[in-house]
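Q: Turn this into a structure:
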Amino acid sequence: MLHPVKKTITLADGRTITLETGKLAKQADGAVELRMGNTMILATVVSAKEAGEGVDFMPLQVEYKEKFSSFGRFPGGFLKREGRASDYEILTSRLVDRVLRPLFPDNYHADTFVNITLYSTDGVDIPDALAGLAASAAIAVSDIPFNGPISEVRVARIDGQFVINPTFDQLEKADMELMVGATYDNIMMVEGEMNEVSEADLLAALKAAHAAIKEQCVAQMELAKELGIEKREYCHEVNDEELRKDVHDKCYDKAYKIAQAGCADKHWRQDQFDAICQEYIDAMPEEERDEKTPLVKRYYHDVEKEAVRRCILDEGTRLDGRKTTEIRPIWCEVDYIPGPHGSAVFTRGETQSLSTVTLGTKLDEKIVDDVINQGRERFLLHYNFPPFSTGEAKAQRGVGRREIGHGNLAHRALKRMFPDDFPYVCRIVSDILESNGSSSMATVCAGTLALLDAGVKMKKPVSGIAMGLITDTESNKYAVLSDILGDEDHLGDMDFKVTGTRDGITATQMDIKCDGLSYEILERALLQARDGRLHILNIIENTIPAPREDYKPHVPRIVTMLIPKELIGAVIGPGGKVIQGIQEASGATVSIDEIEEGGYIEVAASNKASIDKALEMINAIVELPEEGKVYSGKVRSILEFGAFVEFMPNRDGLLHISEISWNRLDDMAASGLKEGDTVEVKLIEIDKKTGKYRLSMRALQPKPEGYVERERAPRGERPRRDGDRPRRDGDRNDRGPRRDFNRNDRGPRRDNNSGNNAE
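A: From the prediction side, this is the model:
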């Protein structure tokens, strides 16, 4: 029998979140169904009973997946089924992973899989903000050891007020949005973007988010308590405390000496640290070596970590000899490569980004077709992290989750400073050529330089810096580190990345690995990060003070124009023939979009002549006829009373026989005109009621000397010419009997099938 248990969480605006377990996926270790409005997520967790042989880390995998059926849609492509994860799904998975991973016990090493599936949505509430809560609730109702629960919320500032888990519509109005993950006691993860906000505003947003998270953690605790959950016993590590102490006693002083050396070469430091461990292993009895080597390496890692941290806390000395607030030497250069439309190298210590900018047309836009999100992106940033950047000898196998996550952070940092009405599609590519500490922040700096080199009129330049933290709760000491190294990230308690302009923060990402981090320490880190950002901005502005005045010669030129909606079809033509003809004749690329204001046309080409030709052809189509203006037209048809001339695309006017010449013409044969002729005509009248056009050729000819204009009779009273038939009076009653249009009065009807008269 089913015994479902349900808990409800009420948000400040009255919306409710429901957690329910006991109905679905009961063979998983834990499963929770989350509902909010018409959004429904199922989260499951399964963990192996035993750890794999030799595994000394937490093998956690988090997968967030959205079903197209959840929004009543079919997947695209030929297969019509969900395939590889989208960038959005990967980013959501990473957000949940980053909060969960540090909270599993250090000695728990069993394979653990968390699956979060979106089964229903109406496009109102944003599901990624609910994924962390669903995943944590699934772990809470399982027997898997976990130092949680946690939850995640999105906090946005809208009209000066903080809103928890805003809807899609609300989020469009926000000047600040953060995803925050936390336990009841501590914030664990932050990621988001903002429009140049202050450090104080960011801290206020974190406090608002944490208050909401606490309520969601309480609901999970109550759910687990009602179910009577007891966590499993496990033994994934076998330790030798005597060996641990011996490794510490014999290796600590040596490791401390290397940490104290202050050498900037990370490979030298790593070789020296490795040599200490290897020396200890070589001194062991041969019969114990194979068995105890894995334990020695694990214990030595702890020794190295302690030595580095104590050196920083006690002496203020970092691994490369810098002070805690000091930033590594920076050199940068723009216009480094001739081929791209913009390029730059940014090098900070042993981290280096080579970034390029390519400017394209509307045809280069990225089409987004996710389950909920559909649209086009005009500003793209791609980040690549090849193995050689850290000296690794292995092949690069496509784009991983790390590349997508780091690239997304840099993209969010720069996009709000991208010009609003920029006509080009823009793609930044950052290739990391060296890495030892925050290559994503190097990407932000190199991206800014490359944009300026490309002539992009950024609102303001952006820089970024990664901050670290070392804490000791026993001595109540802590050290905030500016521009952290890779080792300081690995051995520290916080990785805090901040990007911004001189006037405020544009993006941030924070991962906290320790308990009890106060807002006082966070504020100190933010203010220290601001000093570092400004230092880097000074170097960027000294390298290139302002964007290029003009684009480089090989950048395609783009001109845009707006036309009335009713003329869009005329520019495109039947089956696209007109617009294709314009492109073929001019050599330019022409694209058109229907927007609220009308038809938005974009014309791009590598030279001005092609653009001018395309614009001339488009203007000829969309231009409104103007009385008194002279046009070059083509004779379309000849009639006995004149000719019809196409004087503008899809616009014909009547050239009456009397308007061809000042001399009287007896018939059209005397005019010499024939179909296909090109003639110069003047538009002499636009009938306001009918919209018909009257054209004249004689108005462009000199009037003969002594010419006397014939008097024009009022319409219906024109003088008769020889050969005219007697004219009937316009009164219908004088025209004789009128035939009734009733079919029965017309006489016998011919049957179309037989050819005989129908009865």
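Q: where do the strands sit along the stretch 201-350 of the chain?
A: Secondary structure of the stretch 201-350 of the chain (DSSP state E, counting those that start in this stretch): strands located at 330-334, 342-348.
Q: between the ones you listed, which one is nearest to residue 87?
A: Proximity to residue 87 (C-beta to C-beta) singles out strand 342-348 among those, at 23.9 Å. Any C-beta I mention is one placed from the backbone N, CA and C, and that applies to glycine too.
Q: Can you say which of the strands of the stretch 201-350 of the chain is packed in most?
A: Mean neighbours per residue, mean count of other C-beta atoms under 10 Å, is largest over these for strand 342-348, with a mean of 26.
Q: ok, and what's touching it?
A: Here strand 342-348 makes contact (C-beta atoms under 8 Å, 6 or more residues apart in numbering) with 327-337, 352-357, 359, 434, 437, 442, 445-447, 449-456, 483, 536, 552.
Q: Could you rerun that using 6 Å?
A: For strand 342-348, the surrounding residues in contact (C-beta atoms under 6 Å, 6 or more residues apart in numbering) are 328, 330-334, 336-337, 353-357, 442, 445-446, 449-450, 453-454.
Q: swap in stretch 391-403?
A: The contact list for stretch 391-403 (C-beta under 6 Å, 6+ apart) reads 90, 383, 385, 386, 387.
Q: out of those, which are inside helices?
A: Mapping these onto helices (DSSP state H) picks out residue 90.
Q: Which PyMOL command selects the buried ones in the contacts of stretch 391-403?
A: Applying 16 or more other C-beta atoms under 10 Å to the contacts of stretch 391-403 leaves a buried subset, and the PyMOL line that selects it is:
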select buried, resi 90+383+385
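Q: still on that earlier bit, give me the subset of the contacts of strand 342-348 that lies in helices.
A: Using DSSP H, the members of these that fall in helices are 442, 445, 446, 449, 450, 453.
Q: buried ones in stretch 630-640?
A: Buried residues in stretch 630-640, counting neighbours by 16+ other C-beta under 10 Å, are found at 631, 633, 635, 638.
Q: Give me the nearest residue to the first one, chain neighbours excluded.
A: Think residue 631. Closest residue to residue 631 apart from its sequence neighbours, by C-beta to C-beta, 6 or more residues apart in numbering: residue 647 at 4.0 Å.
Q: repeat for the second one
A: Here the nearest residue to residue 633 in space, its sequence neighbours aside, is residue 647; by C-beta to C-beta, 6+ apart that works out to 3.6 Å.
Q: same deal with residue 210?
A: In space, residue 210 is closest to residue 182, 5.4 Å off (C-beta to C-beta, 6+ apart).
Q: Strands of the stretch 401-550 of the chain, residue ranges please.
A: Listed in chain order (using DSSP E, counting those that start in this stretch), the strands of the stretch 401-550 of the chain are 425-434, 463-472, 477-482, 494-501, 504-512.
Q: dump the residue contacts of the spatially most central residue of the chain.
A: The centroid of the chain falls nearest to residue 377 when counting by C-alpha atoms, centre = their mean (5.9 Å). Contacts for residue 377 (C-beta under 6 Å, 6+ apart) come out as residue 366.
Q: and it, bridged to which residues?
A: Residues in a beta bridge with residue 377, per DSSP bridges, are residue 366.
Q: Surely residue 351 and residue 437 touch.
A: Yes: because the distance of 5.4 Å satisfies C-beta atoms under 6 Å, residue 351 is recorded as touching residue 437.
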